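>>> A predicted structure for the sequence below; I have some questions about it.
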Amino acid sequence: MSMETLLEGRTLSKEILNSLESGIEKVKAALNRPPALAIINYYDDSASAVYVKRKIKVCERLGIKTDLINPGSEKGYAYFLELLKRMEGDSSIDAIMIERPLPSGYENIQTWDKFGALKDVDGLSSLSMGKLFITKSMAEIESGDFFVPCTALAVIKMIKKYSMDISGANIAVAGRSSIVGRPLAHMLTSMDATVTLCHSKTKDIVSIFKNSDIIISAVGKARWIKADMIGENCALIDVGTNMDENGKMCGDIDFEDVKDKALSITPVPGGVGPVTLACLIENVVKAAERRTR
Ligand code: NAP
């Protein structure tokens, strides 16, 4: 496979992170402190804990302050809502990231209604989601006073980086979560693609895949997409981050199996993941910059 067909994300991630320096300096000058991100993470041993550490490390390198909070599930739901309210009103915090999983029952409309849009750097609140879903174009999304879920945004940035022509293209998105598939399908539709949003109950997903110019998988099943499931000249974007039976990180797409057939493919690791991290940190700086106005 040539480098043109390997859609790696580390370069784009570095480009995004390198572009943040002046914004960080601007915030320091205006607020007399660096941009500040608070991360709520209930489970220190969850799969996301690794990514939390990575976020903190990159923030430290860039001079962004981080505060990692484990509220403790024994304190209950009311405490979580109170904590969110307090953090919303705390002028020393610019951005709030709520890591999943949350304790059972916490992910509901009541939570996302309580969370505002200004500090919501992963675009999870009802307000952020509502604003996203009433937009009709990427220009409106990019100029809006809200944030979009970072993973979905990272896929859009990869599509733009590699100048993929998606107007009128048939795109299959596998996975309909509120953090990836749904917001992504909305943005792709705004970019004039024809999107089929697939999930675990989708019938004959292979025929949908075979009719697609681009397949984006965000399912979480190690190497489930094989060469015989895709058509000719198909571009593949792999959001999946899975551990195989040997503890090796891999995507939803069987890279070795598809690499000689696919038109292009994002690797795992080194594809969408690093861009997601960069999008989050870019949003933290944007959230802090907005407070300086
Ligand atoms: P999720 O909430 O568990 O959603 C998984 C989705 O996949 C669901 O919509 C589910 O359908 C669908 N699905 C399950 N089996 C399927 C099948 N056989 N065919 C088609 N669809 C199927 O997961 P998520 O949080 O969106 O994450 C998805 C993957 O992306 C995970 O591997 C996660 O680690 C990864 N991820 C990566 C990044 C990154 O930066 N690279 C960030 C976030 C997540 P139903 O709705 O019918 O259950």
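Nice, I can see it. Residues are numbered from 1 along each chain as shown.
>>> what about the strands in the stretch 101-250 of the chain?
170-174, 194-198, 214-217, 235-238, 242-243, 249-250 (DSSP state E, counting those that start in this stretch).
>>> Quick check: residues of this structure near the ligand?
Within the chain, the residues that sit near the ligand (Cβ under 6 Å from any ligand atom) are 151, 174-177, 179-181, 198-202, 205, 218-221, 239-242, 272-273, 276. For every residue, glycine as well, the C-beta is placed using N, CA and C.
>>> Buried ones among those residues?
If you count burial by 16 or more other Cβ atoms under 10 Å, the buried members of the residues of the chain next to the ligand come out as 151, 174-177, 179-181, 198, 205, 218-220, 239-242, 272-273, 276.
>>> what mean pLDDT does the lengthiest helix in the chain have?
Assignment by DSSP state H gives helix 272-292 as the longest helix of the chain. For helix 272-292, mean pLDDT rounds to 97.
>>> Out of the residues of the chain next to the ligand, which sit inside helices?
Going by DSSP H, the helices hold 151, 181, 205, 272-273, 276 from the residues of the chain next to the ligand.
>>> Was I right to think Val173 contacts Phe209?
No. Shown here, Val173 and Phe209 do not form a contact pair, counting by Cβ atoms under 8 Å, at 11.0 Å.
>>> which of the two has more neighbours?
Ranked by neighbour count (other Cβ atoms under 10 Å), Val173 and Phe209 place Val173 first, with 27 against 20.
>>> show me what contacts that one?
Contacts for Val173 (Cβ atoms under 8 Å, 6 or more residues apart in numbering) come out as 181, 184-185, 188, 195-198, 216, 218.
>>> which regions of the chain sit below the pLDDT cut-off?
Counting by pLDDT under 70, the chain has low-confidence residues at 1-4.
>>> What ranges does it have for its helices?
Using DSSP H, helices in the chain cover 10-18, 21-31, 48-62, 77-89, 109-114, 126-134, 138-143, 150-161, 181-190, 205-210, 255-258, 272-292.
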